[in-house]
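Asks: quick one: sequence plus predicted model below, questions after.
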Amino acid sequence: MLQALANIFKVPELKKKVLFTLFIVVIYRIGAHVPTPGVDGNALNAFFQRIAGTAGGNLFGIMALFSGGALQRATVFALGIMPYISASIILQLLTVVIPHFERLAKEGGEEGRRTLIQYTRYGTLILALIQTFFIALWLENPNAFQGMVIVPNPGWPFRLMTILTLTAGTVFIMWLGEQIDEHGIGNGMSVLITAGIIEAIPTAVMQTGSLVRLGQLAYWKLAFMLVLFTFTVVTVILIIQGQRKIPVQYAKQIRGHRVYGGQSTYLPLRVNQAGVIPIIFAQSIILFPATIAGFFPAQGFVRSIATGLAPGSALYTTLTALFIIFFTFFYTAITFNPIDVANNLQKYGGFIPGIRPGKNTAEHLDYLMTRIAFSGALFLAVIAIFPSIINSPKVLNIPFLVASFFGGTGLLIIVGVVLDTMKTIESQLLMHHYEGFIKKGKLKARIR
């Protein structure tokens, strides 16, 4: 591992990309501490500290996760990259519904890709303007903060300033992510999200240490947590990288005096085809009543529903699992079209041994993908509800911030981004005949 890290700085091009990525991450984290004008940051942070045990119990908990804690501090990056993620998901869904977007995605080439990126930017700006307006209203409402005054001077001047500041912060984050895509290493948006999530690790470790010192967390529970965390991370890695390899044979084609095709390969079907999208959708829908209830201090129907849907309750766990399974199948059906795959195989002379090309191949792929997606859906459901289970007083009763690193969206993002970044660096090192993070024996190919 240390040798692989040293090899990174032996390749000038790779060294430049890694240092540039780290530079952008530092800028992003600095911006996450620049306060928004007109907001009492200390009061807001005190409120989040008060509800730290159930910080994931509303939509703002999800937003705080993706903003790297910037929402809790009411900084210019409080929205994080959530509007960009939402715009990307919406545009991806529209490519299935609207023919114009579908043509851009399939036939537009590089120009079509740039057009879709531009649409995503416009969508990000529109969603950011809408979300920042409601965040400004939320900050002005003392009832949402149990009587605490977060904004000393509420009104339209504050709302307009908040909309302008937070929207500009989101657009700047989007630009930073695109700079990493162009000049850095890895997926820019994913790297920034991961950097924000990782920042919470020291706080979680200190909270765990405080609980041990105060005697509120037994040593055997701490040891069990470490074993459990290791097992969870290993399982997540295996599932993220897991895939079903479907053998594909290409027929030989004679063109002039040359023979093309005839080779055997495979079609990879990923176990976790949908990524973290089903978890985000499911938690957003289920936690919406809890968020709405925060605007109404009086006990009522909405607050009763919010209490019943609190993380850790039986209803919350059941609905979360069902929604995740549903959205996994829904998103997989959008991103993987067996008919298109079968047509492309037939177009280039490929076929699955024992399966007739065309309709039969599409039905076979659909059958396999359904089974694989069900396994991935169950995995996502378990990972998503795992933090709320170990956060329960009847199990380990540890703070939600600590429990969140045992599963959920954060752990999936961290593991997935780290694996993708390592693969990218690995390929760059092998191109220059250096050993990467995964040793595969001595390289026989040398530059002569």
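Replies: Looks like it came in fine. Numbers count the residues shown, from 1 in each chain.
Asks: do you know how far residue 204 is from residue 69?
Replies: Distance from residue 204 to residue 69, counting by Cβ to Cβ, to the nearest Å: 12 Å. Just so you know, the C-beta spots here come from the backbone N, C-alpha and C atoms, and that holds for glycine as well.
Asks: ok, these two, which is more surrounded?
Replies: residue 69 (23 against 17; other Cβ atoms under 10 Å).
Asks: what residues does the more buried one make contact with?
Replies: 32, 196, 199-200 (Cβ atoms under 8 Å, 6 or more residues apart in numbering).
Asks: may I ask which of these has the most neighbours?
Replies: Going by other Cβ under 10 Å, residue 196 tops these with 26 neighbours.
Asks: can you list contacts of the one helix or strand that one maps to?
Replies: Using DSSP states H and E, residue 196 maps to helix 188-198. For helix 188-198, contacts defined as Cβ under 8 Å, 6+ apart pick out 21, 24-25, 28-29, 32, 65-70, 80-81, 84-85, 173-174, 176-181, 184, 410, 413-414, 416-418, 420-421.
Asks: quick one: mean pLDDT for it?
Replies: Across helix 188-198, the average pLDDT comes to 85.
Asks: likewise for stretch 419-435?
Replies: 77.
Asks: mind saving the C-alpha coords of it as PDB?
Replies: Extracted in PDB, the C-alpha atoms of stretch 419-435 (Å, rounded to 0.1, in the frame of the first residue of the first chain):
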ATOM      1  CA  LEU A 419     -13.100   1.800  -4.800                       C
ATOM      2  CA  ASP A 420     -13.700   3.800  -8.000                       C
ATOM      3  CA  THR A 421     -10.900   6.200  -7.300                       C
ATOM      4  CA  MET A 422      -8.500   3.300  -6.500                       C
ATOM      5  CA  LYS A 423      -9.400   1.600  -9.800                       C
ATOM      6  CA  THR A 424      -8.700   4.800 -11.700                       C
ATOM      7  CA  ILE A 425      -5.300   5.300 -10.000                       C
ATOM      8  CA  GLU A 426      -4.600   1.600 -10.500                       C
ATOM      9  CA  SER A 427      -5.100   1.800 -14.200                       C
ATOM     10  CA  GLN A 428      -2.900   4.900 -14.400                       C
ATOM     11  CA  LEU A 429      -0.100   3.200 -12.500                       C
ATOM     12  CA  LEU A 430      -0.300   0.000 -14.600                       C
ATOM     13  CA  MET A 431      -0.100   2.100 -17.800                       C
ATOM     14  CA  HIS A 432       3.300   3.400 -16.500                       C
ATOM     15  CA  HIS A 433       4.400  -0.100 -15.300                       C
ATOM     16  CA  TYR A 434       4.000   0.500 -11.600                       C
ATOM     17  CA  GLU A 435       2.400  -1.800  -9.200                       C
END
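Asks: for it, the distance to its chain's centre please.
Replies: 23 Å (Cα atoms, centre = their mean, to the nearest Å).
Asks: now do the contacts for the closest residue to residue 35 other than its chain neighbours.
Replies: In space, and not counting its chain neighbours, residue 35 is closest to residue 41: 5.1 Å by Cβ to Cβ, 6 or more residues apart in numbering. Residue 41 sits next to 35, 73-75 when contact means Cβ under 8 Å, 6+ apart.
Asks: list just the nearest of these to residue 104.
Replies: Taking Cβ to Cβ as the measure, residue 104 lies nearest residue 75 of the contacts of residue 41, at 35.5 Å.
Asks: list the residues that contact the closest one.
Replies: 31-36, 41, 169.
Asks: could you do residue 97 as well?
Replies: Residues near residue 97 by Cβ under 8 Å, 6+ apart: none.
Asks: and the next element down the chain from the helix holding residue 196?
Replies: helix 200-213.
Asks: give me the helices and strands touching the next helix or strand along the chain from that following helix, please.
Replies: Using DSSP H and E, the next helix or strand after helix 200-213 towards the C-terminus is helix 219-241. Contacts defined by 3 or more Cβ pairs under 8 Å, 6 or more residues apart in numbering; DSSP states H and E place helix 219-241 against helix 200-213, helix 359-390, helix 408-431.
Asks: which positions in the longest one come out as buried?
Replies: Of the residues in helix 359-390, those scored as buried under the neighbour-count criterion (16 or more other Cβ atoms under 10 Å) are 361-362, 364-366, 368-369, 372-373, 376-377, 379-390.
Asks: over to the shortest one?
Replies: Buried residues in helix 200-213, defined by neighbour count with 16+ other Cβ under 10 Å: 200, 204, 207-208, 211.
Asks: farthest-separated two in the residues you listed?
Replies: 200 and 211 (16.1 Å).
Asks: on that earlier part again, any idea which of the contacts of residue 41 has the most stuff around it?
Replies: Of all these, the highest neighbour tally under other Cβ under 10 Å goes to residue 74, namely 26 neighbours.
Asks: state the number of residues packed around the closest residue to it other than its chain neighbours.
Replies: Leaving aside its sequence neighbours, residue 74 sits nearest to residue 39 (Cβ to Cβ, 6+ apart; 4.2 Å). Applying other Cβ under 10 Å, we find 23 residues neighbouring residue 39.
Asks: so what pLDDT did residue 39 get?
Replies: Per the predicted model, pLDDT is 86 at residue 39.
Asks: do the same with residue 408
Replies: Reading off the model, residue 408 has pLDDT 67.
Asks: and for residue 377?
Replies: 91.
Asks: gap between it and residue 273?
Replies: Per Cβ to Cβ, residue 377 is found 10 Å from residue 273.
Asks: which parts of this protein are strands?
Replies: Assigned by DSSP state E, the chain shows strands spanning 243-250, 253-255, 258-260, 264-270, 350-351.
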